[in-house]
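Colleague: Return a 3D structure for these sequence lines:
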Amino acid sequence: QVQPVESGGGLVQAGGSLKLTCVASGTFYDLNVMGWHRQAPGKQRELVATITSDGTTHYADSVKGRFILSWNGPKNTVYLQMSSLSSDDTAVYYCNANALPDRASGYVSYWGQGTQVTVSS
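Modeller: Numbers count the residues shown, from 1 in each chain. Okay, the predicted model is just below:
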């Protein structure tokens with residue numbers, strides 16, 4: 001079983017910065033993609049950013065130039081550095097890990113429990 005575990009959420013003032021961390025814990029043979037999604041109250045969950053094991057990143061237009069996603073491979077950990085935050089970034093942020101649980105299976109997408117990010121204006 002693979003369990004992404006998020007940390008780093010909290011309350012920050014508009015214009016400030018925050019760094020989220022996600023560790024993919026458990027037993028698996030490979031991780032090929034990790035990323036973050038977010039869900040604001042009354043809205044659908046949306047993609048924030050993803051990163052592949054070779055370091056290729058993809059960002060939502062709304063966070064380009066403000067958020068940076070990085071991956072520490074040996075630690076199975078990704079970091080989302082968020083800056084120039086606004087109230088529009090207030091949401092629950094969910095980590096996603098695409099992992100190979102065993103050699104007989106295909107890749108499976110696993111979700112963390114989420115961490116709240118609140119930006120005060």
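
Colleague: Now do the strands in this structure.
Modeller: Ranges of strands within the chain are 2-7, 10-13, 18-26, 30-39, 46-52, 57-59, 67-72, 77-82, 91-100, 108-111, 115-120, based on DSSP state E.

Colleague: Only the buried residues of the fifth one, if you could.
Modeller: Using 16 or more other C-beta atoms under 10 Å as the burial criterion, the residues of strand 46-52 that qualify are Val48, Ala49, Thr50, Ile51. Any C-beta I mention is one placed from the backbone N, CA and C, and that applies to glycine too.

Colleague: From these, pick the one nearest Tyr110.
Modeller: For the buried residues of strand 46-52, the minimum distance to Tyr110 (C-beta to C-beta) is 13.9 Å, reached by Thr50.

Colleague: Next one: that closest one from Asp102, what distance?
Modeller: Separation of Thr50 from Asp102 (C-beta to C-beta, to the nearest Å): 23 Å.
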